[in-house]
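1. Kindly generate the corresponding structure for this input.
(one chain, ligands or ions: 1)
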Amino acid sequence: MPLKKNSNRLFEDVYDYIVNRINRGEWRAHEKLPSVRELAKELNVHRLTVFKAYQRLKEEEKVYAKDKSGYYIHPGNLEGFEHIQFPIFTSRVQRSYLSEIHQIPVTYQFSQALIDPNLLPNHYFADYIKKVFDLYPKVLGTYSTVQGDGELREALAHYFRKRHQLYVNANELIITSGAQQAINLISQAFVKPRDTVLMERPTYSAAIDIFRHQGATIIPVDILPYGYDLEQVEKNMKQYKPRLFYLNPTFHNPTGYTVPTEQRKRLAELAEQYQCLLVEDDPFHDIYFGHEPPAPLFRYDTGGYVIYIRSYSKYIAPGLRIALVACRQPLMKILLTAKSLSDNGTPLLNQKMFLHYFLSERMQQHLEKLRIALNIRKEIMEEVIVSTGWEWTSPKGGLNLWVKLPEEISAQTLLSNSVERSISFVPGNICDPLNELDSWIRLSYSFVNERQLIEGMKDLVDVYNSVYLIGKVSLT
Ligand SMILES: Cc1ncc(COP(=O)(O)O)c(C=O)c1O
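-> Purely as a prediction, here's the structure:
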């Protein structure tokens with residue numbers, strides 16, 4: 001967390017930071033907190049500031065102190081985290097805020113950045129099941145290799161050379177069970193507790209949870225419609241020496257922004273200069289509504305500092321869980337060990353099914369139709385909210401609108417009210433490594449059908465109007 005040195009709220013910032021981590025359930029009852037010295041170093045503040053924050057937490061009985069030993073989590077202050085105190089849990093319990101929201105049973109799911117299953121090539125896959133068993137009768141009788149099916153990796157390497165001029169060979173690709181697994185493997189393989197990681201602000205919420213669970217100190221990098229402030233990125237690289245920068249530069253989740261080519265080139269140089277890995281997560285590359293986006297940043301990597309993740313689970317078949325990771329040696333060797341410890345390889349049947357679909361003419365036709373259908377849904381969503389006073393930058397690809405509500409509206413309050421009307425969306429704070437951005441929301445237009453999109457969005461505006469009016473009354 002970068003704390004502003006000149007801020008006279010420094011003490012409050014440190015205090016809030018610790019409270020946030022307690023509320024996120026990062027420590028169990030009676031677990032020891034970082035020492036004053038460690039936390040001061042991590043946050044780059046004076047030890048007295050941390051000491052004062054711990055003192056206040058002690059007065060509020062959020063923590064208790066043991067003589068000469070340090071500060072510990074008070075058991076009475078883990079509201080909502082009772083499970084953490086169950087004795088068989090010997091390590092920190094992981095949370096996924098996004099998945100908690102997805103689990104809320106509602107009719108109008110604007111929280112799921114998934115594609116409506118009716119828009120996916122389900123029937124074609126039914127054909128491929130028979131074909132795959134005819135071609136590979138023992139497909140269920142064997143493991144895949146850890147790295148992934150050789151035939152699929154050859155086909156993907158060829159495709160990437162042709163389509164994006166990404167010069168990779170099959171040995172530089174690994175097949176994973178979705179991008180989510182890839183992020184998790186990268187985090188386990190390359191990040192140690194207390195390492196620094198740069199992440200966009202906002203970013204993909206589950207990635208925050210993954211790196212945080214690994215014990216990383218997260219430094220946010222604002223992403224804007226034109227990309228990043230690269231001077232700031234360089235300063236962060238110089239000052240914090242991060243292990244990696246996790247980024248989603250193409251139709252970014254949640255904002256939809258795309259980082260321009262010049263910045264991609266410069267980032268590849270900075271990565272090499274400061275020896276900071278760039279983890280480029282690129283699940284929406286093919287979902288564009290006009291021009292194709294710039295080539296992946298991986299193309300400009302000459303030093304072997306970029307790890308490129310390309311998921312196909314979103315727009316081909318989420319059920320197959322197929323993504324690929326491209327990187328050079330020696331990173332590949334390290335990732336392979338992590339993958340083998342995780343699951344010994346992605347199921348072979350899924351890879352073969354994917355391969356035959358991927359090589360077919362049908363895939364390109366499917367993508368063309370899908371782009372049109374998603375663009376229509378995006379426009380429908382925008383039409384319903386155009387008169388609300390909400391602000392957003394219309395995305396040129398991807399699955400989400402990133403919407404700014406008036407400052408006095410809390411997305412969390414709006415969400416609780418919306419769930420009562422069977423509507424869900426993602427509140428901005430869970431996409432923010434600093435857990436702020438509370439007047440922002442992410443609305444996905446990709447998952448519900450057009451009729452539900454209109455109904456649900458009108459209801460959401462209705463809920464908003466009632467919350468807004470109540471808010472106004474209580475403010476006056
Ligand atoms: C930026 C980003 N990365 C990774 C994922 C996870 O992808 P997968 O379904 O391939 O695990 C998502 C899913 O929403 C995402 O938006």
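2. Now stretch 304-318: average pLDDT?
-> Across stretch 304-318, pLDDT averages out at 92.
3. close to the ligand, is it?
-> Yes. Stretch 304-318 is in contact with the ligand by C-beta under 6 Å from any ligand atom, via 311, 313, 314. Where you see a C-beta, it was placed from the backbone N, CA and C, and this is true even at glycine.
4. residue boundaries of the helices in the stretch 51-200 of the chain?
-> Remark: helices assigned in the stretch 51-200 of the chain by DSSP state H, counting those that start in this stretch are 97-102, 122-135, 150-164, 178-190.
5. any chance of the residues of stretch 304-318 next to the ligand in CSV, with neighbour count too?
-> Listed next are the residues of stretch 304-318 next to the ligand as CSV, based on neighbours: other C-beta atoms under 10 Å:
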residue, neighbour count
311, 24
313, 22
314, 21
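6. Tabulate those residues (a markdown table), appending secondary structure and distance to residue 228.
-> Below are these laid out as a markdown table (DSSP: H, G, I helix; E, B strand; the rest coil; distance: C-beta to C-beta, whole Å):
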| residue | secondary structure | distance to residue 228 |
| --- | --- | --- |
| 311 | strand | 22 |
| 313 | coil | 27 |
| 314 | coil | 24 |
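7. pLDDT score for the closest residue to the ligand within the stretch 1-150 of the chain?
-> Here the stretch 1-150 of the chain gets closest to the ligand at one residue, residue 113, 4.5 Å apart by C-beta to the nearest ligand atom. Looking at residue 113, its pLDDT reads 88.
8. which SSE is residue 413 in?
-> Assessed by DSSP states H and E, residue 413 sits inside helix 411-420.
9. Oops, could you answer that again for residue 383 instead?
-> Per DSSP H and E: residue 383 is located in helix 361-385.
10. Can you say which helix or strand has residue 290 in it?
-> Following DSSP H and E, there is no helix or strand that holds residue 290.
11. The closest residue to it other than its chain neighbours: what's it in contact with?
-> Nearest residue to residue 290 in three dimensions, chain neighbours excluded: residue 396, at 5.7 Å (C-beta to C-beta, 6 or more residues apart in numbering). Applying C-beta atoms under 8 Å, 6 or more residues apart in numbering to residue 396 gives the contacts 251, 256, 258, 288, 289, 290, 291, 293.
12. Show the buried residues in those.
-> By neighbour count, with 16 or more other C-beta atoms under 10 Å, the contacts of residue 396 hold 251, 256, 258, 288, 289, 293 as buried.
13. picking that back up, what does the helix holding residue 413 rub up against?
-> Taking C-beta under 8 Å, 6+ apart as the rule, helix 411-420 contacts 101, 104, 106, 405, 424-425, 427-429, 438-441, 459-460, 463-464, 466-467.
14. Next, report how far it is displaced from the centre of its chain.
-> In terms of C-alpha atoms, centre = their mean, to the nearest Å, the centre of helix 411-420 is set 22 Å apart from its chain centre.
15. which parts of it are buried?
-> Buried residues in helix 411-420, defined by neighbour count with 16+ other C-beta under 10 Å: 411, 414, 415, 417, 418, 419.
16. just these now: which is nearest residue 281?
-> Of all those, residue 281 sits closest to residue 411, with 23.6 Å by C-beta to C-beta.
17. Please name the residues that touch the residue in the stretch 251-400 of the chain positioned nearest to the ligand.
-> Distances between the stretch 251-400 of the chain and the ligand by C-beta to the nearest ligand atom are smallest at residue 311, namely 3.3 Å. Residue 311 sits next to 178, 179, 182, 281, 282, 283, 322, 323 when contact means C-beta under 8 Å, 6+ apart.
18. now swap in residue 152 and tell me
-> 175, 351, 352, 354, 355, 358.
19. List the contacts of the closest residue to the first one other than its chain neighbours.
-> When you say that, I think you mean residue 175. Nearest non-adjacent residue to residue 175, counting by C-beta to C-beta, 6+ apart: residue 148, 2.8 Å away. The contact partners of residue 148, by C-beta under 8 Å, 6+ apart, come to 173, 174, 175, 176, 324, 345, 346, 351.
20. go again using 7 Å as the cut-off
-> Residues in contact with residue 148, defined by C-beta atoms under 7 Å, 6 or more residues apart in numbering, are 173, 174, 175, 345, 346, 351.
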